[in-house]
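Novice: I would like the atomic coordinates for the input below:
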Amino acid sequence: MPGLAPKDFGAVPRSIPHTMLVDQATIIVRSGRGGDGHVSFARYKYIPKGGPDGGDGGNGGDVWLVATPGVDTLLDLAGRHHWAAGNGEPGESKQCHGRRGEDLEIRLPPGTLVYDDHTGELIVDLHKPHQRLLIAKGGRGGFGNEHFATPTDQAPRTATPGEPATERTLRLELKLIADVGLIGKPNAGKSTMLSVISRARPKIADYPFTTLEPNLGIAELSGLRRIIFADIPGLIQGAHQGHGLGTQFLRHIERTRLLVHLLEVEPADGSDPVENYHVVRNELASYSEELARKPQIIVLTKMDLLAREDDRAVAREMIEQALGTSVMCVSSASGQGLEPLLEECWKILVKLKENAEVEASKDATTD
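Specialist: Residues are numbered from 1 along each chain as shown. Next comes the predicted model:
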């Protein structure tokens, strides 16, 4: 099959607008304090000593966390630590109740994990778009003195204060939600591929660790099909222990359903592609068994570096024999092999979705 020029396949690809990815933040949220009840007595022209008419205080505003599509980073929260809802207003005379405090909605990217920063407890996983959680309820407003009138006390001077605000310290951790995770050693060609199959614009250069933060991109296929890819920085030996910030990157592919493992056919550092493959696989298994069990497609990249078709065929055969499984070959420079790769990704994702639905159906029947 002749090679496809970059962006020659499918419909016009789109990307998620790129902003600096901040994936961790600690914030303090505080609900509104309830307004105090009021003490007063009715005074009219011909009723100089009316009964109690102190109004109730307004309830304090609530704080909500909302998973909002289109919000892709915790950048706004990292720069602002205190978030507070409005306080309830105090009651007034003539049975006027205080106004309720304004609620506060904090918009978070879907995929945000919310922890109690003091106990470390996971409070909620906001993985569904538009999912909401009441994280701090506002204090109730106090009662005015009209509530305390009794047959023996017609002029009570008692009112209750509003309930105090609720304050919580939250640790937010974002795990990207994507269909496919691109993994591989540094300089394996992940960012270049993402820039070709989508309109994402990750930093690309011919040296390792060019990518310092995860990137998302949407590849659109014919028939209004689309796949969200996550490109994470290259993995090195010891990544599961945090080397090369590996643990910070690996968690971003925990939610993906499929991995595309990229291998340079001729690594620039002279290393062995097969050995590089096992290094990354070992890091995945050491970090998470579940992550290591995810289905994957192995892809040889930069095939354009081998000028002759015979050389490409020999390289592919040797690596397939060494790994004991089939591999796909692509060149992001020429576009060759990218369309079949996307179609293979789509086919596997559909199959995984069908399997998940069958399992869910079995669970529902069992229950």
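
Novice: Can you show me the helices along the stretch 101-250 of the chain?
Specialist: With helices called from DSSP state H, counting those that start in this stretch, the stretch 101-250 of the chain shows them at 190-197, 246-250.

Novice: Mean pLDDT lowest where, among these?
Specialist: Confidence, taken as mean pLDDT, is least for helix 246-250 of the helices of the stretch 101-250 of the chain (a mean of 66).

Novice: Following element in sequence after it, please.
Specialist: Scanning forward in sequence from helix 246-250 by DSSP states H and E, the next helix or strand is strand 258-264.

Novice: roughly how far is that next one from the heart of the chain?
Specialist: 22 Å (CA atoms, centre = their mean, to the nearest Å).

Novice: got it, and stretch 55-75?
Specialist: That offset, for stretch 55-75, works out to 18 Å (CA atoms, centre = their mean).

Novice: Just the buried residues of it, please?
Specialist: Across stretch 55-75, burial judged by 16 or more other CB atoms under 10 Å covers 55-68, 71-74. C-beta coordinates here come from the backbone N, C-alpha and C atoms, glycine included.

Novice: Repeat that for stretch 297-312.
Specialist: For stretch 297-312, by 16+ other CB under 10 Å, it's Ile297, Ile298, Val299, Leu300, Thr301, Lys302, Met303, Asp304, Leu306, Arg312.

Novice: cool, stretch 155-173 as well?
Specialist: 156, 159-163, 165-166, 168, 170-173.

Novice: distance between the ends of it?
Specialist: 55 Å (CA to CA, to the nearest Å).

Novice: Can you give the contact residues for the strand or helix carrying Val66?
Specialist: Using DSSP H and E, Val66 sits in strand 63-67. Contact partners of strand 63-67, identified using CB atoms under 8 Å, 6 or more residues apart in numbering, comprise 29-31, 83-85, 103-112, 114, 124, 126-136.

Novice: Among those residues, which are located in strands?
Specialist: Of the contacts of strand 63-67, the ones assigned to strands by DSSP state E are 29-30, 83-84, 104-108, 112, 114, 124, 126, 132-136.

Novice: Give me the ChimeraX select line for those residues, limited to the buried ones.
Specialist: Only the buried entries of these go into this ChimeraX selection, using 16+ other CB under 10 Å:
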select :29,30,83,84,104,106,108,112,114,126,135,136
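
Novice: Residue ranges in the stretch 1-150 of the chain under the pLDDT threshold?
Specialist: 1-21 (pLDDT under 70).

Novice: between the buried residues of stretch 297-312, which is closest to Lys351?
Specialist: Ile297 (12.6 Å; CB to CB).

Novice: What's opposite that closest one in the beta bridge?
Specialist: Taking DSSP bridges as the rule, Ile297 bridges to Val260.

Novice: Go ahead and confirm it touches Arg257.
Specialist: No - Ile297 is beyond contact range of Arg257, at 12.0 Å (criterion: CB atoms under 8 Å).

Novice: Which of the buried residues of stretch 297-312 fall within strands?
Specialist: Those of these lying in strands (DSSP E): Ile297, Ile298, Val299, Leu300, Thr301.

Novice: Quick one: residues contacting the first one.
Specialist: Contacts for Ile297 (CB under 8 Å, 6+ apart) come out as Leu258, Leu259, Val260, His261, Met328, Leu341, Glu344, Cys345, Ile348.

Novice: same for the helix or strand containing Leu342, what does it pack against?
Specialist: Element membership for Leu342 (DSSP H and E) is helix 338-366. Counting contacts by 3 or more CB pairs under 8 Å, 6 or more residues apart in numbering; DSSP states H and E, helix 338-366 packs against helix 190-197, strand 215-221, strand 225-231, strand 258-264, strand 296-301, strand 328-329.

Novice: strands paired with the last one, and their directions?
Specialist: Strand partners for strand 328-329, identified by DSSP bridges, are recorded as strand 296-301 (parallel).

Novice: Pretty sure Glu320 sits in a strand.
Specialist: No - assigned with DSSP: H, G, I helix; E, B strand; the rest coil, Glu320 falls outside any strand and is helix.

Novice: Go ahead and confirm it touches Met328.
Specialist: No - Glu320 is beyond contact range of Met328, at 10.4 Å (criterion: CB under 8 Å).

Novice: Between those two, which is the more surrounded one?
Specialist: Between Glu320 and Met328, Met328 has the larger neighbour count (other CB atoms under 10 Å), namely 17 against 14.

Novice: Just give the nearest non-adjacent residue to Glu343, would you?
Specialist: Leaving aside its sequence neighbours, Glu343 sits nearest to Leu221 (CB to CB, 6 or more residues apart in numbering; 7.2 Å).
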